[in-house]
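Student: Build the 3D model from these lines:
(chains A and B)
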2 protein chains.
Amino acid sequence: MNSPAVEHSFPALQWKTLQRRSIGNFRLFDAEWIKRQHPINGDTAEFLVLHTPVWVNVIPITTAGTVVMVRQYRHGIDQVTLEFPGGVAAEAEDPAAAAMRECQEETGYCGSPSTLHLLGIQRPNPAFMSTRCLSYVWYDCQLLAAPQWDAHEVLEVVEMSPEDVDRHIATGQIQHSIILAAWTLFRLHALPVEHGHGGSDG
Amino acid sequence: MNSPAVEHSFPALQWKTLQRRSIGNFRLFDAEWIKRQHPINGDTAEFLVLHTPVWVNVIPITTAGTVVMVRQYRHGIDQVTLEFPGGVAAEAEDPAAAAMRECQEETGYCGSPSTLHLLGIQRPNPAFMSTRCLSYVWYDCQLLAAPQWDAHEVLEVVEMSPEDVDRHIATGQIQHSIILAAWTLFRLHALPVEHGHGGSDG
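Tutor: Residues are numbered from 1 along each chain as shown, chains lettered A, B, ... in the order given. As a prediction, the model looks like this:
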């Protein structure tokens, strides 16, 4: 897939950046106030923006056609969630390599690099985060090793059918927006695309 | 729809909260370090959590069957995005009322309160945000008034078919995770659900 991008330019909607000042690093992100000017009325204001490394997630599909997911505790909501494996790409790490690494570390499942496909790029919170999250599908995965969890990671690995994923979404058992978004990209992966810039390579 | 919830309890995955200290208010959220203890190995560590009011978004479907969307500039990515209308519920504001208000203010389109349906609850970033976002569909909407934008809001309202929304997702023209997630919920809205706790009321 060619890298999808928001291609259109809308100068009447686009603010102009005047100035930036750092608030500091908060481990998960660097925070910044950015002073910008409105394109039409000339108003200026400061807006908070959080910067993070690239995030990745991957939908592992086993040779049997099941989907591999992980249950993990999430500090933001103080609850256990059901998610696809994923994480943060290390500095200078290729996002596809990061996706395969995270999948292997969190679940023990992996496939061949040739069966990993980019589904699309997500923007988890464009209102105030510059973050980019690349979503992949990884076909023909198999459980080849024990998971290797980071400190603070204790996960539960579960396999289910794609129909079960749909049902878990419909019943509210899966609520994580980035996971729901990855599932949308997966479900549309085979959709015929009119434009020349990708949308499917699988 | 009954309120969907992550129902299962996983005590072996669930950290225990020991202590909380505020970092301050950053306009969009309150930030906090929360000290927690791991359920198995007893490790303790501090984790960053951002708290926001309830967010809402709504997929307005017109009497002609088209979907109403807005283009708007987003400071986090310094680009114009294509989104469903939505925003923040005011303190003590009913989320359904907030969804209808945001739709009317941003697009000028509205329907009857009886044609608004909750699609589900999203967690935009459970790793470090406590945020809850309620996603709705609003059927039988019509353009009844001019939009009433907030200061700093200049939007472009566009109508398209559901198939065009699919295509814009597949080509990467829509990348906002919360919007993609809302679309997943919308596409699954009519899915038969085995459990007794909802998933469709439309």
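
Student: On the strand side of things, show who the most centrally placed residue in chain A bridges to.
Tutor: By Cα atoms, centre = their mean, the mean C-alpha position of chain A lies nearest to residue A:133, the distance being 3.6 Å. Beta bridges link residue A:133 to residue A:55, residue A:122 when assigned by DSSP bridges.

Student: what about residue A:108, how many neighbours?
Tutor: Other residues near residue A:108 number 17, with proximity taken as other Cβ atoms under 10 Å in any protein chain shown. Yep, even glycine has a C-beta here, placed from its N, CA and C like the rest.

Student: so who does it touch?
Tutor: Residues near residue A:108 by Cβ atoms under 8 Å, 6 or more residues apart in numbering or on different chains: A:143-147, A:157.

Student: Closest one to chain B out of those, please.
Tutor: Ranked by distance to chain B (Cβ to the nearest Cβ), the contacts of residue A:108 are led by residue A:157 at 11.9 Å.

Student: Nearest spatial neighbour of the closest one, chain-adjacent residues omitted?
Tutor: residue A:107 (4.9 Å; Cβ to Cβ, 6 or more residues apart in numbering or on different chains).

Student: Over to residue A:148?
Tutor: Leaving aside its chain neighbours, residue A:148 sits nearest to residue A:105 (4.9 Å; criterion: Cβ to Cβ, 6+ apart).

Student: can you check residue A:18 too?
Tutor: Nearest non-adjacent residue to residue A:18, counting by Cβ to Cβ, 6+ apart: residue A:35, 4.5 Å away.

Student: The one you found reaches residue A:19, doesn't it?
Tutor: Yes - in this structure, residue A:35 is within contact of residue A:19 by Cβ atoms under 8 Å, at 4.1 Å.

Student: neighbour count winner among these two?
Tutor: Between residue A:35 and residue A:19, residue A:35 has the larger neighbour count (other Cβ under 10 Å), namely 15 against 11.

Student: For the more buried one, list each beta-bridge partner.
Tutor: Here residue A:35 sits in beta bridges with residue A:19, residue A:46, going by DSSP bridges.

Student: From chain B, how far out is it?
Tutor: Per Cβ to the nearest Cβ, to the nearest Å, residue A:35 is found 11 Å from chain B.

Student: Just list the residues touching that residue, thanks.
Tutor: Contacts here follow Cβ under 8 Å, 6+ apart; on that basis residue A:35 touches A:17-20, A:44-47.

Student: just those now: which is nearest chain B?
Tutor: Of all the contacts of residue A:35, residue A:47 has the smallest distance to chain B: 4.1 Å, by Cβ to the nearest Cβ.

Student: if we can go back for a sec, let me know the pLDDT of the residue nearest to residue A:18.
Tutor: Model confidence at residue A:35, given as pLDDT, is 90.

Student: Repeat that for residue A:27.
Tutor: Turning to residue A:27, the model gives it a pLDDT of 81.

Student: so how far is stretch A:76-95 off the chain centroid?
Tutor: Distance, stretch centre to chain centre, for stretch A:76-95: 8 Å (Cα atoms, centre = their mean, to the nearest Å).

Student: What's the local residue count around the closest residue to residue A:142 other than its chain neighbours?
Tutor: Once flanking residues are discounted, residue A:142 sits nearest to residue A:63: 5.9 Å by Cβ to Cβ, 6+ apart. If you count neighbours by other Cβ under 10 Å, residue A:63 ends up with 10.

Student: dump the residue contacts of residue A:63.
Tutor: Applying Cβ under 8 Å, 6+ apart to residue A:63 gives the contacts A:140-142.

Student: after the lengthiest helix in chain A comes which helix or strand?
Tutor: For chain A, the helix with the greatest residue count under DSSP state H is helix A:95-107. Next in sequence after helix A:95-107, counting helices and strands by DSSP states H and E, comes strand A:109-110.

Student: moving C-terminal of the helix or strand where residue A:164 lies, what's the next helix or strand?
Tutor: According to DSSP H and E, residue A:164 maps onto helix A:162-170. Next in sequence after helix A:162-170, counting helices and strands by DSSP H and E, comes helix A:177-187.

Student: what is the rounded mean pLDDT of that following helix?
Tutor: Mean predicted lDDT for helix A:177-187 stands at 96.

Student: Against which helices or strands is it packed?
Tutor: Counting contacts by 3 or more Cβ pairs under 8 Å, 6 or more residues apart in numbering or on different chains; DSSP states H and E, helix A:177-187 is packed against strand A:55-62, strand A:79-83, strand A:116-122, strand A:133-143, helix A:162-170, helix B:177-187.

Student: export those to TSV and tack on distance to residue B:113?
Tutor: Below are the helices and strands packed on helix A:177-187 laid out as TSV (distance: least, Cβ to Cβ, whole Å):
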stretch	distance to residue B:113
strand A:55-62	37
strand A:79-83	31
strand A:116-122	32
strand A:133-143	35
helix A:162-170	24
helix B:177-187	19
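
Student: Which one of these lies nearest to residue B:77?
Tutor: When these are compared by Cβ to Cβ, strand A:116-122 sits nearest residue B:77, at 10.7 Å.

Student: List the buried residues for stretch A:26-40?
Tutor: Using 16 or more other Cβ atoms under 10 Å in any protein chain shown as the test for burial, stretch A:26-40 gives A:26, A:28-29, A:31-34, A:36, A:38-39.

Student: Please apply the same query to stretch A:58-72.
Tutor: Residues A:58-62, A:66-72 are the ones in stretch A:58-72 that count as buried (16+ other Cβ under 10 Å).

Student: ok, back up a step: show me how to select, in ChimeraX, the buried members of the contacts of residue A:35.
Tutor: A single ChimeraX command is used to select the members of the contacts of residue A:35 judged buried by 16+ other Cβ under 10 Å:
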select /A:46,47
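
Student: would you list the contacts of residue A:35 in TSV and tack on pLDDT and distance to residue A:93?
Tutor: Formatted as TSV, these follow (pLDDT from 0 to 100; distance: Cβ to Cβ, whole Å):
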residue	pLDDT	distance to residue A:93
A:17	78	28
A:18	81	33
A:19	79	32
A:20	82	26
A:44	87	37
A:45	89	36
A:46	89	33
A:47	89	29
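
Student: Output the contacts of residue A:35 as a markdown table; include the columns distance to residue B:178.
Tutor: Shown next, in a markdown table, are these (distance: Cβ to Cβ, whole Å):
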| residue | distance to residue B:178 |
| --- | --- |
| A:17 | 24 |
| A:18 | 28 |
| A:19 | 29 |
| A:20 | 25 |
| A:44 | 27 |
| A:45 | 23 |
| A:46 | 24 |
| A:47 | 18 |
